[in-house]
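>>> Take this sequence and fold it.
(3 chains)
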Amino acid sequence: MTRHVVATIDEIKPGGRKVVTIDDREIVIFNLNGDYVGILNRCPHQGGKLCDGVVTALITSNEPGQINYARPGEIIRCPWHGWFFDLRSGQSWGEPDRIKTRNYNVAVTGGNELVEGPYQAETIEVTTDQQYLVVET
Amino acid sequence: MIRGLNPIDCDVHPNVPGLKTLLPFMEPYWADTLVQRGMHELDSISYPNNSPLTARADWRPETGKPATTLEQLQSQLLDPFGIDIAILNCLYGVQLPFSEDMGAAYARAVNDWIVKEWLDRDPRLRASILIPIQSPELAIAEIERLAGDKRFVQIMTLVAGETMLGRRHHWPIYEAAERHGLPIAIHAGSSYRNPSTANGWGSYHIEDYVSQAITFQSQLASLLSEGAFRKFPDLTFVMLESGFTWVPAFLWRFKKYWRGLTMEIPWVDRSPVDIVRERVRFSLTPFDGPQSEADITKIFEHLGSDELVLFSTDYPHWQFDGNDPLPPGLSDDLVRKILVDNPRQTYARLR
Amino acid sequence: MNIHVSEAEAKKRAARIGLAIADGDVHPALPKPQAIYPYLSQRWRDHMDTYGMIPRHQYQAGPAYPKGNPDASRRDSYPPEGGRPGSSLSFMRAQHLDPNNVELGILNPLAPTPGNAQNLELSAALATAMNQWQLAEWLEPEPRLKGSIMPPYEDAAASVEEINKWAGNPHFAQILLLSRTAEPLGQRRYWPIFEAAANHNLPIAIHAFGYGGNPVTSGGWPSFYIEEMCGHAQCCQALLASMVLEGVFEHFPTLKIILVEAGFAWLPALTWRLDKHWAKFKGEIPHLKRPPSEVIREHVWLTTQPMEEPDIRRHLKDTWDWIGDDRLIFATDYPHWDYDDPIEALPIRLDDEPRRKLFRENARTVYGF
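From the prediction side, this is the model:
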């Protein structure tokens, strides 16, 4: 497992997102009200760039006509065909075990820990007084 | 016998010879006024009486309608085909009148006629309850009136009626059906509240008939989208005279759109393909399929299950010649399922 | 919104596709509804401002069933300079034509569709305007794009006039109708359009959608957009049955039709059903002398989008073989949300020859380029 320093925590506001490239792979980092998550920037269906998708909520139903609206902001729809993915698990709606997009852990780490390594931080200058987002691949 | 088995025929059409036959089964008010008003027969344009589709030539009597007597049924179908059980789906047009009450009066009369002239006279016979689906209330009353008679094995409606079959308008009927362990059978035909095709009124009888299979697709989409399968988990839907070679392509398309539109119908929370395989059955005839055994095998592969198809002759409609309506190339195992196992599995009252 | 059309990426994509492709369904859009006004007379501009188009459905603006996305479009297809998806030629080049190696893109404008207007004079004025607009703003500036002659198709006489006006213009590749006409498309009221098409040797494209006033199913109006979307395949089955059974192709033996944006996997089952029942109904339609399958095989092409997606992908190959690999034309539906991507959409692997046919040769044959 390699850990990559990709951004300072201030760079992605709550509800925001950022695309980072790690080893030629694009990963989108989302800030879900203070929780940071990452998914591969590619829909497993036909390759739509998920970073262009619009977020919605987890919409479920116990019976026709009755709707549960939960976790707003945590489900992304592919910008092409509108497939739904849970940003926390990468799982698709409807067939979660069969279809999912790769997801990544994103940790918040202090600059003072990072200076000690071993981390990949080619594009980010790390200072000890900052908090950073670290993606595990 | 067909391929050495006594089949269960899930789609057999006895015909009401005429209104006169029904009058003894009608309440006095209806028996009086229908005659007073010079009421015509409820013979639907879906099956013009003399159309080649409506009766196979060798099943057509010299005069009058085909399949109007038990003796015809026995000598033309039950005995020569070695039928174990035949389900009678009378297509007399109880759904056609605009008046809900008139529709209900006809439904009661036809159902009672079926009991007296057919079910009581041959133990091989079962039947569908005809309902005046114009009115869910009256339809339920008819179901409640007859459900105690275990020879009624399902409830039947036409594929095109007042409004889409998935809509909640119809749910009280489905609730009653589920409670009594009766599948809902949906048969080709229309009450013509809407044009006969999705693009307006067609010009020809053949166009109407070909379009029936298209309407089945729309109704399956409706039942799926509205969540009828979710709401009634123990209810089976049986598509009769629907054809079934269209099913795979329909499901491929429906599932594709479902993935991108789940927020519109979130009660469909698992693959629509699986739902249909578990909950919907299709009668065998007409087999609108390819000719070659290899291609026929592919059709069943695409369906993805051996349990979907129920044997039917569609007697007296002309869908095949000779004594074996099965398409070529089916394995013995599949043949047994179609002829016997699948019908028994589908109809709780045949087990 | 991020826009991802860097030149390097576009080149990489184009290289992956390899061959230059034809796209049978590209949707140019007006940046806003009033953008058609320069092509309308003052009389019709005033009419549009005061009364609107009055389609055969309930809403003043927007579709009868709300779509799954705004403008039914890919979220990444909004032009950087603003306006609706599909309204910017430069962005269409950068996002679609260049990276997807499109050498021939057939334009199918959808809004407004002249045939949807109940007022037939307005319908005719809109038809002329849409044709002028295509020519001026798309076809003359971009030779890779070919246009569709849009007739006011519920008025056959006016349609013939409109078709005659444009048929000699090499920028136009086909005549465009929408699938949901006021009556089944095989019926006599539409025959003058087929006659004009045959006379000019122009194929007729019938694109899914439109509003003919009939419910999208013969069982009535469904509740949901997903039913309408699936229903377009059913409407196309009904219209094809109508055209075959009415004897349109017997009467116009050189007529070619292309069914656009209705998928294709439904065709074999419809054809088998037509054949089976034709055999017993010959007495009713003596004008149809051949099995419907032969007629369809000879006269009908289909664009592939939205390509059906079976769970077991190779099943689609069976369908492909049943239809015939010379009848399917690749289409993206750019910029709409159910877009088929030329690299990703095909669920099966095709050999070089059928691949060339799908992506290029079939379109060139049917359009005569």
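
>>> which secondary element of chain A has the worst mean pLDDT?
Within chain A, no helix or strand scores below helix A:111-114, which has a mean of 83 by mean pLDDT, DSSP states H and E.

>>> Just give me how far that helix sits from the chain centre.
On the basis of Cα atoms, centre = their mean, to the nearest Å, helix A:111-114 is displaced by 22 Å from the centre of the chain it belongs to.

>>> counting contacts, what elements does the helix or strand following that helix pack onto?
Remark: after helix A:111-114, the chain's next helix or strand is strand A:131-136, criterion DSSP states H and E. Counting contacts by 3 or more Cβ pairs under 8 Å, 6 or more residues apart in numbering or on different chains; DSSP states H and E, strand A:131-136 is packed against strand A:3-8, strand A:25-32, strand A:103-110, helix A:111-114. To be clear about C-beta, it is placed using only N, CA and C from the backbone, and glycine gets the same treatment.

>>> who does strand A:131-136 pair up with?
strand A:3-8 (antiparallel), strand A:103-110 (antiparallel) (DSSP bridges).

>>> Show me what it is in contact with.
In this structure, residues lying in contact with strand A:131-136 by Cβ atoms under 8 Å, 6 or more residues apart in numbering or on different chains are A:1-9, A:11-12, A:20, A:22, A:27, A:29, A:36, A:38, A:104-111, A:114, A:119, A:124, A:126.

>>> If we use 10 Å, what do you get?
If you take Cβ atoms under 10 Å, 6 or more residues apart in numbering or on different chains as the criterion, strand A:131-136 is touched by A:1-12, A:18, A:20, A:22, A:27, A:29, A:31, A:36, A:38, A:104-111, A:113-114, A:119-121, A:124, A:126.

>>> Can you flag the buried ones in those residues?
Buried by 16 or more other Cβ atoms under 10 Å in any protein chain shown: A:3-8, A:12, A:18, A:20, A:22, A:27, A:29, A:31, A:36, A:38, A:104, A:106, A:109, A:111, A:114, A:119-121, A:124, A:126, out of the contacts of strand A:131-136.

>>> from the stretch 101-250 of chain C, which residue is nearest to chain B?
residue C:217 (3.4 Å; Cβ to the nearest Cβ).

>>> I'd assumed residue B:215 was in contact with that residue.
Yes. At 6.6 Å, residue C:217 counts as touching residue B:215 under the criterion of Cβ atoms under 10 Å.

>>> which stretches of chain C form helices?
C:7-17, C:42-50, C:89-92, C:120-134, C:156-166, C:191-199, C:225-245, C:248-251, C:267-278, C:292-299, C:315-323, C:352-356, C:362-367 (DSSP state H).

>>> Make TSV out of the ones you listed and add mean neighbour count and mean pLDDT.
Listed next are the helices of chain C as TSV, based on neighbours: other Cβ atoms under 10 Å in any protein chain shown; pLDDT from 0 to 100:
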stretch	mean neighbour count	mean pLDDT
helix C:7-17	13	86
helix C:42-50	13	98
helix C:89-92	19	98
helix C:120-134	22	98
helix C:156-166	20	98
helix C:191-199	19	98
helix C:225-245	27	98
helix C:248-251	19	98
helix C:267-278	24	98
helix C:292-299	19	98
helix C:315-323	20	97
helix C:352-356	14	95
helix C:362-367	21	96
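
>>> The stretch 201-350 of chain C against chain A: which residues are in contact?
C:306, C:309, C:311, C:336-341, C:343-346 (Cβ under 10 Å from any Cβ of the partner chain).

>>> go again using 8 Å as the cut-off
C:337, C:338, C:339, C:341, C:343, C:344, C:345 (Cβ under 8 Å from any Cβ of the partner chain).

>>> Next, show the common contact partners of residue C:217 and residue B:215.
residue C:234.

>>> Tell me where chain B has helices.
For chain B, applying DSSP H gives helices covering B:19-22, B:28-36, B:70-73, B:100-117, B:136-146, B:171-179, B:205-226, B:228-231, B:247-260, B:272-279, B:293-303, B:332-336, B:342-346.

>>> Please see if the fifth one touches chain C.
Going back to what we said before, that points to helix B:136-146. No. On the criterion Cβ under 8 Å from any Cβ, helix B:136-146 is out of touch with chain C, staying 15.2 Å away.

>>> what's the angle between that helix and helix B:171-179?
20 degrees (axes from the mean of the first three to the mean of the last three Cα atoms, to 10 degrees).

>>> Tell me what the spatially most central residue of chain A is bridged to.
For chain A, residue A:38 is the residue whose C-alpha lies nearest the centre (Cα atoms, centre = their mean; 2.3 Å). Beta-bridge partners of residue A:38, counted by DSSP bridges, are residue A:29, residue A:104.

>>> thought it was touching residue A:103?
Yes. With contact defined as Cβ atoms under 8 Å, residue A:38 counts as touching residue A:103 (6.5 Å).

>>> Next up, the contacts around residue 84.
Here I'm looking at chain A. A:56, A:75, A:76, A:77, A:92, A:93, A:94, B:259, B:262, B:263.

>>> My question was about chain C, not that one.
Residues counted as contacts of residue C:84 (Cβ under 8 Å, 6+ apart) are C:29, C:30, C:31, C:32, C:71, C:73, C:78.

>>> try it again with 7 Å
C:29, C:31, C:71 (Cβ atoms under 7 Å, 6 or more residues apart in numbering or on different chains).

>>> What is the biggest strand by length in chain A packed up against?
Longest strand of chain A, by residue count under DSSP state E: strand A:68-77. In terms of contacts (3 or more Cβ pairs under 7 Å, 6 or more residues apart in numbering or on different chains; DSSP states H and E), strand A:68-77 is packed against strand A:54-60, strand A:84-86.

>>> Next, the buried residues of the first one.
Read it as strand A:54-60. A:56, A:58, A:59.

>>> Among these, which one sits closest to chain B?
residue A:59 (4.9 Å).

>>> Hmm, the closest one is touching residue B:263, no?
Yes. Assessed by Cβ atoms under 7 Å, residue A:59 is found in contact with residue B:263 at 4.9 Å.

>>> Residue C:314 contacts residue C:347, correct?
No. Applying Cβ under 7 Å as the test, residue C:314 and residue C:347 come out as separate, 8.4 Å apart.

>>> the more surrounded of these two?
residue C:347 (16 against 12; other Cβ atoms under 10 Å in any protein chain shown).

>>> Need the pLDDT of the more buried one.
pLDDT recorded at residue C:347 is 88.

>>> Return the residues in contact with residue 58.
Here I'm looking at chain A. A:70, A:71, A:74, A:75.

>>> should've been chain C
Taking Cβ under 7 Å, 6+ apart, one finds residue C:64 in contact with residue C:58.

>>> Spell out which parts of chain A neighbour chain C.
By Cβ under 7 Å from any Cβ of the partner chain, the part of chain A that sits against chain C consists of A:46, A:47, A:49, A:51, A:52, A:53, A:54, A:79, A:80, A:81, A:82.

>>> got the helices and strands packed on strand A:68-77 as a markdown table, with mean pLDDT and distance to residue B:56 columns?
As requested, the helices and strands packed on strand A:68-77 are exported to a markdown table (pLDDT from 0 to 100; distance: least, Cβ to Cβ, whole Å):
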| stretch | mean pLDDT | distance to residue B:56 |
| --- | --- | --- |
| strand A:54-60 | 97 | 51 |
| strand A:84-86 | 97 | 51 |
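
>>> Once you drop chain neighbours, what's closest to residue C:217?
Closest residue in space to residue C:217, ignoring its immediate chain neighbours: residue B:218 at 3.4 Å, by Cβ to Cβ, 6 or more residues apart in numbering or on different chains.

>>> Hmm, residue B:238 is touching residue B:177, no?
No. The criterion here is Cβ under 7 Å, and residue B:238 misses it with residue B:177 at 11.1 Å.
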